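> Test case, fold it:
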Amino acid sequence: MTSRAILCHKEWTLQPDQEPDAEPTTYAMQCAVCDETSPPSADFAEPQSWVFAHGGGNPSHHTYREIITRPWRAWWRL
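Next up, the predicted model:
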């Protein structure tokens, strides 16, 4: 008995997942001085408030990184 392989070329597409059941996009902020990070939130106002509180408690911490987690989906075209 011999085996055969069947190959099929598919063109894939990658796009942000906007389906109703997609995970939410979340935002967080990370202090570039000490690497402490805010909790992630779907509402950017929460990490922004964290920055103000963190900066208030650490007056020399002036630089931050925004961390965005966005769901994506890959699918192939027929």
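> And the helices in the protein, which stretches?
Ranges of helices in the chain, per DSSP state H, are 45-57.
> how much space is there between residue 60 and residue 4?
According to C-beta to C-beta, to the nearest Å, residue 60 and residue 4 sit 67 Å apart. To be clear about C-beta, it is placed using only N, CA and C from the backbone, and glycine gets the same treatment.
> One more: residue 50?
Applying C-beta to C-beta, the value for residue 50 to residue 4 is 58 Å.
> of these two, who's got more company?
residue 50 (20 against 4; other C-beta atoms under 10 Å).
> and the more buried one, what is it in contact with?
Contact analysis of residue 50 by C-beta atoms under 8 Å, 6 or more residues apart in numbering lists 29, 38-39.
> Recalculate using a threshold of 6 Å.
Residues in contact with residue 50 (C-beta atoms under 6 Å, 6 or more residues apart in numbering) are 29, 38.
> Give me the nearest residue to residue 73, chain neighbours excluded.
Spatial nearest neighbour of residue 73, chain neighbours left out: residue 17 (4.2 Å); criterion: C-beta to C-beta, 6 or more residues apart in numbering.
> per-residue confidence for the one you found?
Here, the pLDDT recorded for residue 17 equals 97.
> Next up, phi/psi of it, please.
Main-chain torsions, residue 17, degrees, to the nearest 10: phi -80, psi 110.
> what's the neighbour count on it?
Residue 17: 15 neighbours (other C-beta under 10 Å).
> What distance do you get for it to residue 69?
12 Å.
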